[in-house]
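*Asks:* Give me the fold of what follows.
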Amino acid sequence: MRDESVQTDLTVVGGGLAGVCAAIAAARLGRSVALVNNRPVLGGNSSSEVRVWVCGATAHGRQRYARETGIMGELYVENQYRNPEGNPYYWDTVVHEAVREEPGIQTFLNTDVHEVEASDDGSRRRVDAITGWMLGSERRIRFESPMFADCTGDGLIGHLAGARHRIGRESRAEYDEPWAPDVADDITLGSTLLFYTKDVGYPVKYVPPSFAVDVTKTPIPERRIIRSGDNGCAYWWIEWGGEIDTVHENERIRDELWAVIYGIWDYIKNSGNFDSDTMELEWVGTVPGKREYRRFVGDYTLTQHDILAQTPFEDRVAFGGWSIDLHPPQGVYATEAGSKHWHPNGTYHIPLRCLYSANVENLWFAGRDISASHVAFGTTRVMATCAVVGQAVGSGAAVAQNLGVTPRELARDHLSELHQAMLREDASILGVRNEDPADVARAATVTASSTLTRLAVRPEPTGGRRWPLTGDVGTIVPVDPELTEVGLLVEAAADTELEVELFDTGREQNYVPHERVGGAVAPIAAGPTRWVWLDLPWRPETPRNAFVVVRENPQLTIFTSGIAEPGVRSYFYRPAPPNADFDQPLLEWPKLRDWQTFCVAVRPDTAAYEPDKAVGGYARPWAGPQLWASEPLSGDGGEWLRLDWEQPIPVRQVEIIFDDDVDEYLINLHHWRTPFEVLPTLVREYRIEVDADGTGDWRVVLSERANRWRRRVHRLDIPTSARALRLVAEATNGAPRAHVISLRVYS
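*Replies:* Okay, here's the model as predicted:
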């Protein structure tokens, strides 16, 4: 046996997406990191060992403009390019390479940590060191750091350090949560094993093992959907163990789940109810995908009310959007539905105070073990949300050490420093503006070669469709600074009326009708396609999104286009079931599929795409698209975004965030497939030019011909003096316009 010692600035225990993003975030901010994982691969439940698909704030495409950015966003976009078919082994390499590319990270796989050294002088408790055993290498490794992050999911490190935590469900009275039980208990969500099948092209038999469950003697065939050709992830409901200890009974749970899987496959192959003669069982998981165990207690506990009210915490550092998703304790054997869901009207915020221990001063946590009630945990537990929380924790640990403060002091006294550090790394924070004092672009005058001002989605010859108004439909349009008229492309089968209503969307991140602000009716004579304009005046105090509802009229047909303008999305109305217990507007307004948008136009000209949106603004949609959009690109050298300073400044680094359309759903590790490998809205070819003295003598300092990334950081080898700088977009990956979300310059 070899004894070793590793000293780093931060030790992250747990190599799921939360731990991976925490480690990368801290390393990018200059801190040395030890990333310790007890499995042979990174990715946790998303890895090829478990194969759970990576869900997050998009809620399977229901939430709008909600896909995660920052490190998780990079993983999504890279996986889409390399692995469009969703191969779980290729996903392993995407995650592993992202860690390997950071020189500040030392990675320790197959290393199980079960010893924690903590000290307590009566006024404070701290983790001093942890020790792990590396399986197969006979190495006993002691890790020392001023800060630790428990990203294990089960929360073992914090537990051994004496961190306060909870297991199970709180009573309804504790937080007044409608979905909490009347009496507190130790019930958790269960664990799941998945399986994959394939069609081998010739008949194959299946002889079940003796321990396989006879599913015909259970509620499974009646209460669950079973199909012979489903992707293994469709069987997320093969869940069990919520009524026992999901950690200490892990092996028992695995055995029961194996018995269920082999029993279901016996039912598919041998019952005669399925077309499965040529189907073969290709892969069965061996590591249960755990959903819930310990939840640590921080300085704040997130609750059901915070999720549904979308509480705008001052110390927000991440967001989610998955529904509150809770499962019956009996799992696969339950006679009720496999899950129940309550969707917020949009994305919600996660505060920093939920991400560090209330009683261990140097302990962070990220993933499914953050400080949340059992009900709120029902949404924060999904992996992409765990990942953005991980980036917040890694960033928080780095900034806290830079300032020499504890996590609590960081949350109390230094939020601005943390927010600005995270925004510069494109982290997933909503509604926080770039106020970085080092970004000299903020002091420049911003202009552009052209700007989208006349907002109109027009029909195009190949991708447009007819849409009879057999039900209500809706469209989001930005209002900046005002709206006077809305136009629709309409065809009338008979003399009739077109009725339209205008709604505010409520929170800045929401895209559902909230409060009616106007309405109009226009008479329409029978006849061919034409634009019809309606008076809908609205001048909100600040820029907002408007939800335009077009009411049902079977005599009318409107039209869609396959090309959408940024910030414009269209929906159709689907009434809630008559037995729905509560309103969920998000489910009542699904988005049009296949990239269709209704042909709509607004007056007057809009300021929603002005060039100053890309400097010192928001890095995500927030009451509008929050980007500069040019007029359509032509072949005359490109469209540019320009910065001018009163005096020449030294330019050392230029940082750009292009638009990768965070409304696009990229979860291809399950059933979804997006048809393009590179997001069309990304600028593909661009150059950076500087004018040293303001005379118009532009010099190219950088040229990129094959960009497929959202965030680009360009450090110039030699600082360049510039009175002016411009980013010239020459071509995109398919979109007609150049979109730039953020342009930063550092001296």
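*Asks:* Run me through the strand neighbours of the host helix or strand of residue 497, direction for each.
*Replies:* Assessed by DSSP states H and E, residue 497 sits inside strand 496-504. Pairing partners of strand 496-504, with direction, according to DSSP bridges: strand 515-524 (antiparallel), strand 544-550 (antiparallel).
*Asks:* ok, residue 228 - contacts?
*Replies:* Contacts were defined as CB atoms under 8 Å, 6 or more residues apart in numbering; by that measure residue 228 touches 197, 268, 274-276, 279. Bear in mind the C-beta positions are built from the backbone N, C-alpha and C, glycine included.
*Asks:* For residue 646, give its distance to residue 690.
*Replies:* Relative to residue 690, residue 646 is positioned 16 Å away (CB to CB, to the nearest Å).
*Asks:* what do you get for residue 525?
*Replies:* The gap separating residue 525 from residue 690 is 58 Å, by CB to CB.
*Asks:* So for those two, which residue has more residues nearby?
*Replies:* For residue 525 versus residue 690, neighbours defined as other CB atoms under 10 Å are more numerous around residue 690 (22 against 9).
*Asks:* And the helix or strand harbouring the more buried one, what does it pack against?
*Replies:* Taking DSSP H and E as the criterion, the element that holds residue 690 is strand 683-691. The criterion is 3 or more CB pairs under 8 Å, 6 or more residues apart in numbering; DSSP states H and E, and the helices and strands that strand 683-691 contacts are strand 639-658, strand 698-704, strand 711-732.
*Asks:* do you know which of those lies nearest residue 19?
*Replies:* Closest to residue 19 of the helices and strands packed on strand 683-691 is strand 711-732 (CB to CB; 21.6 Å).
*Asks:* other SSEs contacting the closest one?
*Replies:* Helices and strands in packing contact with strand 711-732 are listed as strand 639-658, strand 683-691, strand 698-704, strand 739-746; criterion 3+ CB pairs under 8 Å, 6+ apart.
*Asks:* and with 6 Å instead?
*Replies:* For strand 711-732, the packing partners by 3 or more CB pairs under 6 Å, 6 or more residues apart in numbering; DSSP states H and E come out as strand 639-658, strand 683-691.
*Asks:* Quick one: the strands in the stretch 351-500 of the chain, in order.
*Replies:* Across the stretch 351-500 of the chain, reading from the start of the chain, the strands by DSSP state E, counting those that start in this stretch fall at 363-365, 445-448, 465-468, 473-479, 483-492, 496-504.
*Asks:* One more: the stretch 201-350 of the chain?
*Replies:* Assigned by DSSP E, counting those that start in this stretch, the strands in the stretch 201-350 of the chain fall at 239-240, 279-284, 295-296, 316-320, 324-326, 340-342, 348-351.
*Asks:* Can I get those strands in JSON lines including mean neighbour count, distance to residue 24 and mean pLDDT?
*Replies:* Compiled in JSON lines, these are given as follows (neighbours: other CB atoms under 10 Å; distance: least, CB to CB, whole Å; pLDDT from 0 to 100):
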{"stretch": "strand 239-240", "mean neighbour count": "26", "distance to residue 24": "31", "mean pLDDT": "97"}
{"stretch": "strand 279-284", "mean neighbour count": "16", "distance to residue 24": "29", "mean pLDDT": "95"}
{"stretch": "strand 295-296", "mean neighbour count": "28", "distance to residue 24": "22", "mean pLDDT": "98"}
{"stretch": "strand 316-320", "mean neighbour count": "27", "distance to residue 24": "15", "mean pLDDT": "98"}
{"stretch": "strand 324-326", "mean neighbour count": "20", "distance to residue 24": "27", "mean pLDDT": "97"}
{"stretch": "strand 340-342", "mean neighbour count": "17", "distance to residue 24": "31", "mean pLDDT": "95"}
{"stretch": "strand 348-351", "mean neighbour count": "26", "distance to residue 24": "19", "mean pLDDT": "98"}
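*Asks:* With distance to residue 334 as new columns, can those strands be given to me in JSON lines?
*Replies:* Listed next are the strands of the stretch 201-350 of the chain as JSON lines, based on distance: least, CB to CB, whole Å:
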{"stretch": "strand 239-240", "distance to residue 334": "9"}
{"stretch": "strand 279-284", "distance to residue 334": "22"}
{"stretch": "strand 295-296", "distance to residue 334": "23"}
{"stretch": "strand 316-320", "distance to residue 334": "26"}
{"stretch": "strand 324-326", "distance to residue 334": "12"}
{"stretch": "strand 340-342", "distance to residue 334": "11"}
{"stretch": "strand 348-351", "distance to residue 334": "28"}
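*Asks:* looking at those strands, which is closest to residue 260?
*Replies:* Taking CB to CB as the criterion, residue 260 comes closest to strand 239-240 out of the strands of the stretch 201-350 of the chain, the separation being 7.1 Å.
*Asks:* tell me what that closest one is packed against?
*Replies:* Contact partners of strand 239-240 among helices and strands, from 3+ CB pairs under 6 Å, 6+ apart: helix 250-270.
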